[in-house]
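S.K.: Compute the structure for the input listed below.
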Amino acid sequence: MHARTLLIVAAAGAIAATAQAQVVINEIYENPPGGGAAFDDRYEYIELYGLPGLDLTGYALVLLKGGSDLDDDGIPGPRPADFDPGDEVPEIDEAFSLDGLTLGANGLLVIYNNNGAPGLPSFLPPFFSSETNFATFAQTHIPSVDTVGRLNNDGSSTYMLVRRRPHHQIVAGQSVYGPGYAWRKDVNPDVNFDGVADFGFETPVNYPQFPIPAAMQLAPYQMVDEIAWSHRGGQEYVRTRQNEITDTPGYNPDALSRLYYLAENPQIGHRFNSSGELRFTRQADEEWVQGTITTVNPRFNYNPTQVKGPTDPEGPLYDGTCNPDTNPACLPNPNGTLRFQDINLDGFQLTPGTMNDAPSLGLEQFRWVRGDFNFDGVVDAQDLAIIQAHLGRNLDETTLCLDADGNPVTNPFTSETYDCFVFEGRSFQAMLAMLNMDQTDGPGGTNSPVVTQADVDAVIDIVGNPCPFDITGPALDGIPDGVVSVADLNFYLSLWLNSDASADLTGPALDGIPDGIVTVADLNFYLNGWLNNQGACN
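M.R.: Have a look, this model is predicted:
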């Protein structure tokens with residue numbers, strides 16, 4: 001038996017849970033061709049997808065702009081000629097509270113720009129499905145020193161769905177923003193320009209052309225989902241670079257549409273980085289379609305000459321001696337081993353308020369599958385092993401925040417350390433899915449804030465096998481199927497000590513190590529499951 005789980009990463013926060021179910025960023029329209037009230041104010045939107053009816057109270061949707069650094073000296077600027085003054089410096093461009101909003105019957109929620117002049121309403125609502133919920137930028141704007149505006153088109157972009165934030169709490173279903181709250185428009189999230197959201201003690205860089213204010217506290221926070229791309233040398237603010245788009249040859253994307261949600265990078269595509277070195281495409285490249293949009297009305301058509309998407313697994317092979325993304329003369333080589341060609345995106349469009357399917361191209365966006373905690377599209381013994389290993393766990397668990405070198409993040413002025421959330425990104429989505437298996441397993445029929453046996457039983461009802469940690473069977477231990485015993489532990493230990501590939505239970509999504517390589521993470525995973533599941537499983 002080969003169990004898999006998801007990476008439990010360190011991250012941010014502290015407060016009580018409100019809702020448990022999956023939700024991710026699904027589509028972004030940042031830069032409609034044209035300008036101002038005529039187009040930006042009438043076409044811009046951000047779309048979320050998740051479990052129908054999910055209450056999003058306590059969540060926020062935020063656009064962090066990373067400025068620019070044309071001379072690559074670690075200091076913002078010099079300002080590109082086409083940037084407005086100050087746009088070369090990082091800032092939170094827009095921040096939207098999702099309090100009181102729910103995902104529609106189709107799992108979709110659209111937050112859209114309706115800031116145009118009187119008589120110029122948004123073009124978007126007629127395109128929304130009747131099952132889609134929606135709200136405007138103005139309705140969801142988090143109070144700030146500035147009014148709600150348009151999505152900034154310049155510099156690097158990071159779109160982030162967050163849950164727990166410093167100096168924020170929910171009281172009677174509404175956000176209360178305490179002194180020092182920073183997740184709001186016009187705050188500089190990165191005063192030392194290092195690509196990491198500030199804890200509040202950082203020293204600002206010296207950039208006289210546009211004074212940098214004192215740091216405010218954005219971290220620790222809980223990241224639910226994120227996507228970013230670079231432009232003009234600016235910063236991105238993702239937890240992992242796998243969530244950065246890399247393939248944007250010669251353009252700044254106008255829009256993105258999510259096709260897939262992957263547990264890990266499938267490593268089927270290749271690219272050349274800015275230094276001319278051959279690399280795998282990143283996970284974000286294999287999940288999203290992104291590119292520029294044409295001026296054909298309605299303005300939802302991706303430009304066929306400036307659009308990128310997931311790699312075609314059956315595409316032509318190349319040998320890596322040239323770059324087919326930039327060199328039209330670079331031809332396939334039947335003896336090659338590298339793939340660069342994307343899936344067919346001819347005619348692919350934005351789909352505001354509906355799923356990002358393209359039936360004419362044979363493309364269908366991913367759908368959440370109840371009980372699928374490793375995001376492979378099926379519910380099986382691996383998913384049962386995952387939820388059994390998480391019995392009693394909750395979404396708000398924290399651990400010590402660590403820096404890039406693995407050392408505790410420490411305030412140099414007070415020696416204070418910080419607690420970050422354990423569950424973020426994919427592990428957040430997996431935990432939400434586990435908590436949501438039985439929504440009546442808490443006091444008075446509420447949803448329990450921890451994973452319960454009732455949640456596990458709901459998976460057993462689907463899978464039919466209550467014993468993924470029974471790995472020996474009667475032929476080896478003389479014990480009937482469905483009983484976890486010391487023999488199972490001893491058998492696993494023998495596999496692990498011999499570095500047997502079948503003892504690799506975690507996979508890259510948990511330990512960042514390729515399949516087939518056995519690590520301490522695998523041992524800890526099995527020990528945790530074995531300790532929680534000894535005896536008869538049925």
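S.K.: Could I get the full set of strands for the stretch 301-450 of the chain?
M.R.: 302-308, 317-318, 338-339, 398-400, 419-421 (DSSP state E, counting those that start in this stretch).
S.K.: Highest mean neighbour count across these, which stretch is it?
M.R.: Among these, ranked by average contacts under mean count of other C-beta atoms under 10 Å, first place goes to strand 419-421 (a mean of 22). All C-beta atoms are positioned from the backbone trio N, CA, C, and that covers glycine.
S.K.: helices or strands up against it?
M.R.: strand 398-400 (3 or more C-beta pairs under 8 Å, 6 or more residues apart in numbering; DSSP states H and E).
S.K.: Among the strands of the stretch 301-450 of the chain, which comes closest to residue 533?
M.R.: Among the strands of the stretch 301-450 of the chain, strand 398-400 comes nearest to residue 533, with 24.1 Å by C-beta to C-beta.
S.K.: pLDDT averaged over that closest one - what is it?
M.R.: Mean pLDDT, computed over strand 398-400, is 97.
S.K.: Please state the offset of it from the chain centre?
M.R.: In terms of C-alpha atoms, centre = their mean, to the nearest Å, the centre of strand 398-400 is found 20 Å from the chain centre.
S.K.: one step back: I'd like the strands of the stretch 301-450 of the chain as JSON lines, with distance to residue 384 appended.
M.R.: Below are those laid out as JSON lines (distance: least, C-beta to C-beta, whole Å):
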{"stretch": "strand 302-308", "distance to residue 384": "37"}
{"stretch": "strand 317-318", "distance to residue 384": "38"}
{"stretch": "strand 338-339", "distance to residue 384": "34"}
{"stretch": "strand 398-400", "distance to residue 384": "26"}
{"stretch": "strand 419-421", "distance to residue 384": "25"}
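S.K.: low-confidence ranges in this structure?
M.R.: By pLDDT under 70, the weakly predicted segments of the chain are 1-21, 465-466, 473, 475-477, 480-481, 507-515, 535-538.
S.K.: ok, the spatially most central residue of it - contacts?
M.R.: With distances taken as C-alpha atoms, centre = their mean, the residue of the chain nearest its centroid is residue 225 (3.0 Å). Contacts for residue 225 (C-beta atoms under 8 Å, 6 or more residues apart in numbering) come out as 23-25, 160-161, 425, 429.
S.K.: how about the strands of the stretch 301-450 of the chain, which one is nearest residue 151?
M.R.: Short answer: strand 302-308, nearest of the strands of the stretch 301-450 of the chain by C-beta to C-beta, at 17.8 Å.
S.K.: what does that closest one contact?
M.R.: Here strand 302-308 makes contact (C-beta under 8 Å, 6+ apart) with 245, 247-251, 255, 285, 289-294, 342, 345-350.
S.K.: Which PyMOL command selects the buried ones in these?
M.R.: A single PyMOL command selects the buried members of these (16 or more other C-beta atoms under 10 Å):
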select buried, resi 245+247+248+255+285+289+290+291+292+293+294+342+345+348+349+350
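S.K.: From residue 454, how far off is the residue nearest to residue 371 when sequence neighbours are not counted?
M.R.: In space, and not counting its chain neighbours, residue 371 is closest to residue 379: 4.0 Å by C-beta to C-beta, 6 or more residues apart in numbering. Distance of residue 379 to residue 454, computed by C-beta to C-beta, to the nearest Å: 17 Å.
S.K.: Between those two, point out the one with more neighbours.
M.R.: residue 379 (17 against 14; other C-beta atoms under 10 Å).
S.K.: That one contacts residue 369, doesn't it?
M.R.: Yes - applying C-beta atoms under 8 Å as the test, residue 379 and residue 369 come out as touching, 6.3 Å apart.
S.K.: Name all residues that make contact with residue 499.
M.R.: residue 518.
S.K.: SS state for it?
M.R.: coil (DSSP: H, G, I helix; E, B strand; the rest coil).
S.K.: ok, it to residue 516 distance?
M.R.: When residue 499 is compared with residue 516 (using C-beta to C-beta), they lie 9 Å apart.
S.K.: Next step: the contacts of strand 302-308 restricted to helices.
M.R.: The helices, defined by DSSP state H, take in residue 285 from the contacts of strand 302-308.
S.K.: Pairing partners for the residue nearest to the centre of the chain in the sheet, please.
M.R.: Bridge pairing for residue 225 (DSSP bridges) gives the partners residue 161.
S.K.: Residue 99 versus that one, what's the distance?
M.R.: From residue 225 to residue 99 the distance is 18 Å (C-beta to C-beta).
S.K.: if I read this right, residue 503 contacts residue 521, doesn't it?
M.R.: No - assessed by C-beta under 8 Å, residue 503 is found out of contact with residue 521, at 11.1 Å.
S.K.: more neighbours, those two?
M.R.: Using other C-beta under 10 Å, the more surrounded residue of residue 503 and residue 521 is residue 503, with 24 against 19.
S.K.: next one: phi and psi at the more buried one?
M.R.: phi -90, psi 0 (degrees, to the nearest 10).
S.K.: OK, contacts around it?
M.R.: Contacts of residue 503 (C-beta under 8 Å, 6+ apart): 492, 495-496, 518, 522, 526.
S.K.: Could I get these in JSON lines, plus columns for secondary structure?
M.R.: Compiled in JSON lines, the contacts of residue 503 are given as follows (three-state DSSP):
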{"residue": "492", "secondary structure": "helix"}
{"residue": "495", "secondary structure": "helix"}
{"residue": "496", "secondary structure": "helix"}
{"residue": "518", "secondary structure": "coil"}
{"residue": "522", "secondary structure": "helix"}
{"residue": "526", "secondary structure": "helix"}
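S.K.: and which of the residues you listed is nearest to residue 332?
M.R.: Closest approach between the contacts of residue 503 and residue 332, by C-beta to C-beta: residue 518, at 37.1 Å.
S.K.: So which of the contacts of residue 225 are in helices?
M.R.: Per DSSP H, the contacts of residue 225 map to helices at 425, 429.
S.K.: nearest to residue 47, of the contacts of residue 225?
M.R.: Distance to residue 47 across the contacts of residue 225 (C-beta to C-beta) is lowest for residue 25, with 7.6 Å.
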